[in-house]
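1. coords please:
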Amino acid sequence: MASRRPVTQIPHGEVLGSYRTHEDAQKAVRFLAEKDFDVSSLTIVGSNLKIVEPVTGMLTWAAAAGRGALSGAWIGMLFGLVFMLLGGGTDASLTTGALLPGIVIGVGLGMIWGIAIKAINRKQSAVMSSPQVLATTYDIICPPGVVNEAQAILAAR
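-> Just a heads-up that it's a prediction; the model follows:
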């Protein structure tokens, strides 16, 4: 597998093809690779970027408390494990040791924290979403010296 090199500028070359989805562009590159074309010189470039933000719901008080409780449980479990391993106490059971109390305390503090953050940000939007950056077109950029060969291979598809 080739090593990854950071891209610091837009690649130069000729557009071998434009595709509506990234998967279609990858299929074209895969086809070229199957026909023994050296694809290491190709680059897929997304153009006309858009932010697509599907709404997943509203952040209610219960959702804020629930999210806080889950985060707090993980943090409490981490602290509980650390105290259980480093505490040196003789009680190593899960219920009376440090693990379960750490989780319970973490859940409680996490709920309070989640509700407090929602109260502070009350005036901001309570819409929950998962933003993604998508391109409207995906171009395959090819070096000028081999573009004719690549176009001939793709034309035979």
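
2. Relative to Ile141, how far out is Ile153?
-> Using Cβ to Cβ, to the nearest Å, Ile153 is found at 16 Å from Ile141. In this view, the C-beta of every residue, glycine as well, is placed from N, C-alpha and C.

3. What residues sit buried inside stretch 74-84?
-> Residues of stretch 74-84 classed as buried by neighbour count (16 or more other Cβ atoms under 10 Å): Ile75, Gly76, Met77, Phe79, Gly80, Phe83, Met84.

4. from these, which ones fall inside helices?
-> Members of these lying in helices (criterion: DSSP state H): Ile75, Gly76, Met77, Phe79, Gly80, Phe83, Met84.

5. Could you verify my assumption that the first one touches Ile105?
-> No. Contact status for Ile75 versus Ile105: not in contact, 9.5 Å apart, counting by Cβ atoms under 8 Å.

6. what residues are up against Ser71?
-> By Cβ atoms under 8 Å, 6 or more residues apart in numbering, Ser71 lies in contact with Gly110, Trp113, Gly114.

7. Can you identify the element that follows the helix or strand harbouring it toward the C-terminus?
-> Using DSSP states H and E, Ser71 maps to helix 61-86. Where DSSP H and E defines the elements, the next helix or strand beyond helix 61-86 is helix 99-120.
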